[in-house]
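[1] need a structure here:
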Amino acid sequence: MTLDVVNRQNEKVGSIELDDETFGGPVDAGLVWESVVQENAAARRGTHSTKTRGEVSGSGRKPWRQKGTGRARVGEIRNPLWRTGGTTFGPRPRSYAYALPKKVVRRALRAALIQKLRDGAVTVVDELAVDEPKTSQAVELLAGLDVEGRALLVDARSGEHLRRAVQNLSRVRVVDSNRVTARDVAAAARILMTPAAMEHLGKVLAT
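    Numbering: from 1, shown residues only. I've put the predicted structure just below:
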């Protein structure tokens, strides 16, 4: 597979060869789904909480005697059966994160990239950089490459200027090639990648 390499004006300046074994073959959508679900779970804050009978306000005194009143027996007004009582087995602060095998993570990223390559959503740019950390320069860079909507910028090592330039662009992300995930790729409508990043991913995904 051969991809054109373009400059900031979207003019072809070269080409790059991709290994067909690495960036070819069937797309396993199930692996992409597993990776996306795992990353979404890890991103959950998990701070929701309910109060148990020991945490709600109220007296611990027995409201009435055990027998002889004709009413149901009750020990305290904080018991879960009462409207103002505690919650039984309610959500508590916890982490939803879990790990996937490294091979699954790599194969999911590979499958997501293959699909984007087939969709023609990947553009290889000779350089992803701006002179100053200004949003206007990031907008100019994207406009020159005809990029609209959600975009993912991947470099082997992205510059600080570029990171700061896209901070105000909610639909644009900058990720280093050693940190890109299947969710990043799947969520982007367009992917801009440098030759160095593509080479690095080719080596990682080939293992």
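[2] run through the helices of this structure in chain order.
    29-43, 102-118, 135-144, 160-165, 182-187, 195-206 (DSSP state H).
[3] dump these to a markdown table, plus mean neighbour count and mean pLDDT.
    (C-beta placed from N, C-alpha, C; glycine too.) Putting the helices of the chain into a markdown table (neighbours: other Cβ atoms under 10 Å; pLDDT from 0 to 100) gives the following:
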| stretch | mean neighbour count | mean pLDDT |
| --- | --- | --- |
| helix 29-43 | 16 | 96 |
| helix 102-118 | 19 | 95 |
| helix 135-144 | 17 | 93 |
| helix 160-165 | 16 | 93 |
| helix 182-187 | 20 | 95 |
| helix 195-206 | 18 | 91 |
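[4] so for Val172, which of those sits nearest?
    Nearest to Val172, of all the helices of the chain, is helix 135-144, at 7.0 Å by Cβ to Cβ.
[5] the closest one packs against which elements?
    helix 160-165 (3 or more Cβ pairs under 8 Å, 6 or more residues apart in numbering; DSSP states H and E).
[6] who's in contact with the helix it packs on?
    Applying Cβ atoms under 8 Å, 6 or more residues apart in numbering, the external contacts of helix 160-165 come out as 128-135, 137-138, 153, 155, 174.
[7] which of those are buried? Put it as a PyMOL command.
    To isolate the buried ones among the contacts of helix 160-165 in PyMOL, judged by 16 or more other Cβ atoms under 10 Å, type:
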select buried, resi 128+130+133+137+138+153+155+174
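[8] redo the contacts of helix 160-165 as a markdown table? Include distance to Ile114.
    Listed next are those as a markdown table, based on distance: Cβ to Cβ, whole Å:
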| residue | distance to Ile114 |
| --- | --- |
| Leu128 | 22 |
| Ala129 | 27 |
| Val130 | 30 |
| Asp131 | 34 |
| Glu132 | 36 |
| Pro133 | 34 |
| Lys134 | 35 |
| Thr135 | 33 |
| Gln137 | 32 |
| Ala138 | 28 |
| Leu153 | 20 |
| Asp155 | 20 |
| Val174 | 22 |
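[9] Asp19: which of the contacts of helix 160-165 is nearest?
    For those, the nearest to Asp19 is Asp155 (20.2 Å; Cβ to Cβ).
[10] what score does that closest one have for pLDDT?
    Per-residue confidence at Asp155 stands at 92 (pLDDT).
[11] beta partners of it?
    Taking DSSP bridges as the rule, Asp155 bridges to Asp176.
[12] these two touch, right, it and Ala197?
    Yes - the criterion here is Cβ atoms under 8 Å, and Asp155 meets it with Ala197 at 5.2 Å.
[13] what residues are up against the spatially most central residue of the chain?
    In the chain, the residue lying closest to the centroid (Cα atoms, centre = their mean) is Arg183, at 5.0 Å. For Arg183, the contacting residues are Ser35, Val36, Glu39, Asn40, by Cβ under 8 Å, 6+ apart.
[14] perfect, I'm done here.
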